[in-house]
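K.L.:
No letters, just coordinates:
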């Protein structure tokens, strides 16, 4: 399933820049928190009851920006007046900096 989604995202955003501009992960964490992203996506962006997983290994930057600006789900749109492109780059840097969660097999309560 993950491959199919990646293939669709890659196809849909072919021709758009796939690399993110340099961002400041610490500032991105502050913005992520201050705009309330954590309320749906969780403090570590692993998803929650209302929001999907955003990191680590976020979707391509162009797809991220497009979805933030014009979401298709319940998320409200965040125009450039609310969150600048530079701030989105910082949020993206924060998402990319998050460590991978431990594998489920390493968590005793899950085995």
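P.N.:
Now that the structure is in, tell me what you want to look at. Please read these numbers as outputs of a predicted model, since none were measured by experiment.

K.L.:
most centrally placed residue in this protein?
P.N.:
For the chain, the residue nearest the mean C-alpha position is residue 54 (3.3 Å; C-alpha atoms, centre = their mean).

K.L.:
got a list of what that residue touches?
P.N.:
By C-beta atoms under 8 Å, 6 or more residues apart in numbering, residue 54 lies in contact with 37, 41, 45, 47, 95. Glycine gets a C-beta too; all of them are placed from N, C-alpha and C.

K.L.:
try 10 Å
P.N.:
Contact analysis of residue 54 by C-beta atoms under 10 Å, 6 or more residues apart in numbering lists 32, 37, 40-42, 44-47, 64, 67, 91-92, 94-95, 98.

K.L.:
Of those residues, keep whichever come out buried.
P.N.:
Buried subset of the contacts of residue 54 (neighbour count, 16 or more other C-beta atoms under 10 Å): 32, 37, 40-42, 45, 64, 67, 91-92, 94-95, 98.

K.L.:
Out of the residues you listed, list just those in strands.
P.N.:
Cross-referencing the buried ones among the contacts of residue 54 against strands under DSSP state E gives no overlap.

K.L.:
Would you format those as CSV with distance to residue 76 and pLDDT included?
P.N.:
Conversion of the buried ones among the contacts of residue 54 to CSV gives the following (distance: C-beta to C-beta, whole Å; pLDDT from 0 to 100):
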residue, distance to residue 76, pLDDT
32, 15, 97
37, 11, 94
40, 10, 93
41, 13, 94
42, 18, 92
45, 18, 93
64, 16, 95
67, 12, 94
91, 15, 97
92, 19, 97
94, 20, 97
95, 19, 97
98, 23, 95
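
K.L.:
would you list those residues in CSV and tack on distance to residue 20?
P.N.:
Shown next, in CSV, are these (distance: C-beta to C-beta, whole Å):
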residue, distance to residue 20
32, 15
37, 16
40, 22
41, 18
42, 21
45, 15
64, 8
67, 14
91, 10
92, 5
94, 11
95, 10
98, 14
